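Engineer: what would the 3D arrangement of this be:
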Amino acid sequence: MKKLLALLMTVVLATTMFTACGSSKSGDDGDKTLIMGTNAEFPPYEYRENNEVIGIDAEIGKAIADKLGMDFKIEDMAFDSIIPAVTSGKADVGLAGMTASEDRKVSVDFSDTYVEAGQVIIVKKGSDIKDASGLAGKTVGVQLGTTGDLYVSDPKNVENVTVQQFPKGADAVEALKTDKIDAVVIDNQPAKKFVENNSDIEILATPLTQESYAIAVAKDNKQLLDAVNKALAELKESGELDSILNKYLANDESAETTTSAQ
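Structural biologist: Prediction:
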């Protein structure tokens, strides 16, 4: 009986070790996929076409994954869920036209800048709002969790303004068109796309802010951050990053620009 029990224990132990090794190998294989968290409501950086997420950030993410010898997967989510996804490990990187703001740096680290951008104000044609000072006393629409939301919601930046948050920038623009709000604050390139498709709205000439877009990485993953920065530098030096940007921003004198390679 003792010999039989000993034999059974040996079999159980061997089975357990085999299973553990199998799980570890499976986990290693999973690590070969770079998962990008984004919000596909932000053209031309990320948006859906034929049920596929495409755009500037989608192509940059794929190019970085190729440089790292990894497969690539995009997870589409609410914008304000991207940083929690990165910090929890559900996404490896946050790539979503995201400004490397000081508030966000508390939660994540950011790569080197890949685009210089800015927030602008959209109004209906004929509006009495002519610049940022004209927002006082008005209702301003923003996309929840974006830099525009953070900027306009801070009374140090804009006084006496009512902020209305929307899950999508397109929802804010629709509210503007139907006179439910007085203005929309959003990033420059998406703003241009919205105005192109709506003849009754326009962008004010003076940008509200100037910002730097970067890639969010978990604070405990310096190895990935260094690898992403190296890949970005190579993409800048080779001209591939400019090619991606020009594909979406060509013939636009006020388009965002990349920074030089490190």
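
Engineer: show me the contacts for the spatially most central residue of the chain.
Structural biologist: Closest residue to the average C-alpha location of the chain: A96 at 1.4 Å, with CA atoms, centre = their mean. For A96, the contact set (CB atoms under 8 Å, 6 or more residues apart in numbering) comprises G37, T38, N39, F42, Y45, E46, D57, F79, I82. Using the backbone N, CA and C atoms, a C-beta is placed for each residue, glycine as well.

Engineer: how near is it to T206?
Structural biologist: 25 Å (CB to CB, to the nearest Å).

Engineer: okay, the closest residue to K193 other than its chain neighbours: pLDDT?
Structural biologist: Nearest non-adjacent residue to K193, counting by CB to CB, 6 or more residues apart in numbering: P43, 4.8 Å away. pLDDT recorded at P43 is 88.

Engineer: likewise Q189?
Structural biologist: Model confidence at Q189, given as pLDDT, is 83.

Engineer: tell me which other helices or strands the helix or strand hosting it touches.
Structural biologist: Under the criterion DSSP states H and E, the helix or strand holding Q189 is helix 188-196. Counting contacts by 3 or more CB pairs under 8 Å, 6 or more residues apart in numbering; DSSP states H and E, helix 188-196 is packed against strand 119-124, helix 169-177, strand 183-187, strand 201-203.

Engineer: swap the cut-off to 10 Å and go again
Structural biologist: Helices and strands touching helix 188-196, by 3 or more CB pairs under 10 Å, 6 or more residues apart in numbering; DSSP states H and E, are strand 41-42, strand 46-49, strand 115-117, strand 119-124, helix 169-177, strand 183-187, strand 201-203, helix 240-249.

Engineer: hey, which of the ones you listed is tucked in deepest?
Structural biologist: Neighbour counts (mean count of other CB atoms under 10 Å) averaged over each of the helices and strands packed on helix 188-196 peak at strand 183-187, with a mean of 27.

Engineer: okay, the angle between that one and helix 169-177?
Structural biologist: Strand 183-187 runs at 160 degrees relative to helix 169-177, counting by axes from the mean of the first three to the mean of the last three CA atoms, to 10 degrees.

Engineer: which stretches in the stretch 51-200 of the chain count as helices?
Structural biologist: 56-67, 82-88, 102-105, 147-153, 169-177, 188-196 (DSSP state H, counting those that start in this stretch).

Engineer: quick revisit: for the spatially closest residue to the residue nearest to the centre of the chain that is not a sequence neighbour, the count of nearby residues, please.
Structural biologist: Nearest non-adjacent residue to A96, counting by CB to CB, 6+ apart: T38, 4.3 Å away. Using other CB atoms under 10 Å, T38 is surrounded by 28 other residues.

Engineer: T38 touches I83, doesn't it?
Structural biologist: No. With contact defined as CB atoms under 10 Å, T38 does not reach I83; the gap is 11.9 Å.
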